[in-house]
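Peer 1: Quick check, what structure comes out for this input:
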Amino acid sequence: MGGRGLKEEEAKRVEVSNEDTYESVLERLGINPVEVVVLRDGKPVPEDEKVVVSGKKGEVKIKIVRIVSGG
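Peer 2: Numbers count the residues shown, from 1 in each chain. Okay, the predicted model is just below:
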């Protein structure tokens, strides 16, 4: 199959405030929210939801998946 169309994952670290939403994080990364789905703990989150930082390190890990449609 040769892995055609597959891209390697890229990790980025972004600081967020208590007022940041997933949409504002996407905008900061230069990503159009219409073209992606944001996953936290493997579950989709709404773009207008505030990013809640948790864990010992004060971090949250999300995965941004680009939506591909074809005709």
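Peer 1: In space, what's closest to E23 - neighbours in sequence excluded?
Peer 2: E47 (4.0 Å; Cβ to Cβ, 6 or more residues apart in numbering). In this view, the C-beta of every residue, glycine as well, is placed from N, C-alpha and C.
Peer 1: repeat for V52
Peer 2: The spatial neighbour of V52 that comes closest, neighbours along the chain excluded (Cβ to Cβ, 6+ apart), is V60 at 6.9 Å.
Peer 1: Now do the contacts for the one you found.
Peer 2: By Cβ atoms under 8 Å, 6 or more residues apart in numbering, V60 lies in contact with V16, R40, V51, V52, V53, S54.
Peer 1: which among those residues end up buried?
Peer 2: The neighbour-count criterion (16 or more other Cβ atoms under 10 Å) marks V16, V51 among those as buried.
Peer 1: from the contacts of V60, which is closest to R66?
Peer 2: When the contacts of V60 are compared for distance to R66 (Cβ to Cβ), R40 comes out closest, at 16.6 Å.
Peer 1: Nearest the geometric middle of the chain, what residue?
Peer 2: The residue lying closest to the centre of the chain (Cα atoms, centre = their mean) is I64, at 3.3 Å.
Peer 1: In terms of secondary structure, what does the helix or strand containing that one contact?
Peer 2: Under the criterion of DSSP states H and E, I64 resides in strand 62-66. Applying 3 or more Cβ pairs under 8 Å, 6 or more residues apart in numbering; DSSP states H and E, one finds that strand 62-66 contacts helix 22-28, strand 36-40.
Peer 1: quick one: that strand to strand 36-40, angle?
Peer 2: Angle, strand 62-66 to strand 36-40, by axes from the mean of the first three to the mean of the last three Cα atoms, to 10 degrees: 160 degrees.
Peer 1: Strand 62-66: partners in the sheet, and parallel or antiparallel?
Peer 2: In its sheet, strand 62-66 lies beside strand 36-40 (antiparallel), with partners assigned from DSSP bridges.
Peer 1: Check which element follows the partner strand along the chain.
Peer 2: Proceeding C-terminally, strand 36-40 gives way to strand 43-44 as the next helix or strand, assigned by DSSP H and E.
Peer 1: Cool, thanks, talk later.
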